[in-house]
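Enquirer: The following comprises the amino acid sequence and a computationally predicted model.
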Amino acid sequence: MTIQTTLRRAIAAATILTAGAASAETVSYAHFVPPQHTLTEANIEPLQEAVADSGLEIQVYPGGELGAGPTEQYVRVIQGVADIGWGLPGYTSSQFDKTMISELPGVGGGDRSGYEILWDAWDAGLLQDEFPRAKPLALWLSEPNVFIMKDKDIRTPADVEGLKIRVSGSAAGQLVEALGGTPVQMPASEMYNALQTGLIDGIITGASAISDFRLDEVANSYTTGPNLGHISFFVVMNQSKYDGLPEEQRAAIDSIAGRELSRLSEEGWYAKADETLQSIKGAGDNTVIELGEEESAAFSDITEPVTQRIVEERGAEEVYNVMTGQQG
């Protein structure tokens, strides 16, 4: 082999390495919960695996490392503080009037998955204006909401009267008011201390949160089966950041973004909820109240009219019809 041939091959190899390095990209994913939260296994890891071969790395910043405010997750992505972010529409309810219809009693659940009703509304062009300058990677609903209480048992709507109940958003707040309670809106990260100190009597959220936020350490009574709706979630990416990625990396994101990543996320939430409920039942030191059909209907008689009122107030009849399968 001549010196010239060796030199040419060395230059070619260096060119390939340089091109590979140039195509590598790292994007940030910010959230406000600990790494052991359901979010990691159900959403982050599948997304990372889907893009790994494209040269795109997703670096995760948990626990508010890029900003501690859970209510500012969407803004943080739009401003470019993070490239990707996870959040709850309920924390900034006024921005997500139509998206939050999905949370209401009688909308989600049944034969249609939560992520399906959200993406049906998206595909119908009804939600895009609530997600400016962002590309939604996943939209999904939690498992059904339950009551998580300290020293209070909830068996009937009357049991809620006069109690202070934490909610994640305005929709759930109106349900609590209809039941005679006082809603207290706060991020999930504040639930533990609020329940421990007596600032609130209980919480409405999905059962998965019991283990994700260690609520079993401060709660001792749980009620499943009341018709209290669900909680919605989003994972969004800065649109400009996405648009600026190489085609291969955008294609890798697109291979999982949308319904597939949403399905995996929602299934992860449900699995954690089932596991958590089995755990608290087996602990032996909790009151677990499982409402029957008639007992649940007593809640529905109060909560489902709230759904209709909110839909009418927001002029969201078309969104409601799409989400409930009454309009394709």
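Expert: Looks like it arrived, so ask away. Numbers count the residues shown, from 1 in each chain.
Enquirer: can you list the weak-confidence ranges in the stretch 101-250 of the chain?
Expert: Within the stretch 101-250 of the chain, no range satisfies pLDDT under 70.
Enquirer: hey, where'd the strands end up in it?
Expert: 134-141, 145-149, 164-167, 182-185, 202-206, 221-224, 232-238 (DSSP state E, counting those that start in this stretch).
Enquirer: helices and strands around the fifth one, which ones?
Expert: Packed against strand 202-206, as judged by 3 or more C-beta pairs under 8 Å, 6 or more residues apart in numbering; DSSP states H and E, are the following elements: strand 145-149, strand 164-167, helix 170-178, helix 191-197. Backbone N, C-alpha and C define where each C-beta goes, glycine included.
Enquirer: please redo it, this time with the cut-off set to 10 Å
Expert: Helices and strands touching strand 202-206, by 3 or more C-beta pairs under 10 Å, 6 or more residues apart in numbering; DSSP states H and E, are strand 145-149, strand 164-167, helix 170-178, strand 182-185, helix 191-197, helix 208-212, strand 221-224, helix 259-283.
Enquirer: Just the buried positions in the longest one, please.
Expert: Buried residues in helix 259-283, counted by 16 or more other C-beta atoms under 10 Å: 259, 261-266, 268-270, 272-273, 276-277, 280.
Enquirer: Closest one of these to His37?
Expert: Nearest to His37 among those is Lys272, at 9.2 Å by C-beta to C-beta.
Enquirer: Let me see the contact set for the closest residue to the closest one other than its chain neighbours.
Expert: Excluding the flanking residues, the one nearest Lys272 by C-beta to C-beta, 6 or more residues apart in numbering is Ser208, at 4.0 Å. Residues near Ser208 by C-beta atoms under 10 Å, 6 or more residues apart in numbering: 37-38, 42, 142-143, 146, 231, 268-277.
Enquirer: what does Asp301 give?
Expert: Neighbour list for Asp301: 157, 227 [criterion: C-beta under 10 Å, 6+ apart].
Enquirer: pLDDT on the helix or strand hosting it, on average?
Expert: Using DSSP states H and E, Asp301 sits within helix 293-313. Averaging pLDDT along helix 293-313 gives 97.
Enquirer: Show me what secondary structure element comes after that helix.
Expert: Once the chain leaves helix 293-313, the next helix or strand it forms, by DSSP H and E, is helix 317-323.
Enquirer: Okay, domains of this structure per the record?
Expert: As given by automatic domain parsing, the domain ranges for the chain are 26-141+231-271, 145-230+276-323.
Enquirer: Straight-line length of the shortest one, end to end?
Expert: Think domain 145-230+276-323. 18 Å (C-alpha to C-alpha, to the nearest Å).
Enquirer: Rebuild the strands of the stretch 101-250 of the chain as CSV, extending it with mean neighbour count and distance to Glu294.
Expert: Shown next, in CSV, are the strands of the stretch 101-250 of the chain (neighbours: other C-beta atoms under 10 Å; distance: least, C-beta to C-beta, whole Å):
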stretch, mean neighbour count, distance to Glu294
strand 134-141, 25, 25
strand 145-149, 27, 17
strand 164-167, 22, 23
strand 182-185, 17, 26
strand 202-206, 26, 21
strand 221-224, 22, 15
strand 232-238, 25, 29
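Enquirer: wait, which of those is closest to Ile117?
Expert: Nearest of the strands of the stretch 101-250 of the chain to Ile117, taken as C-beta to C-beta: strand 134-141 at 7.7 Å.
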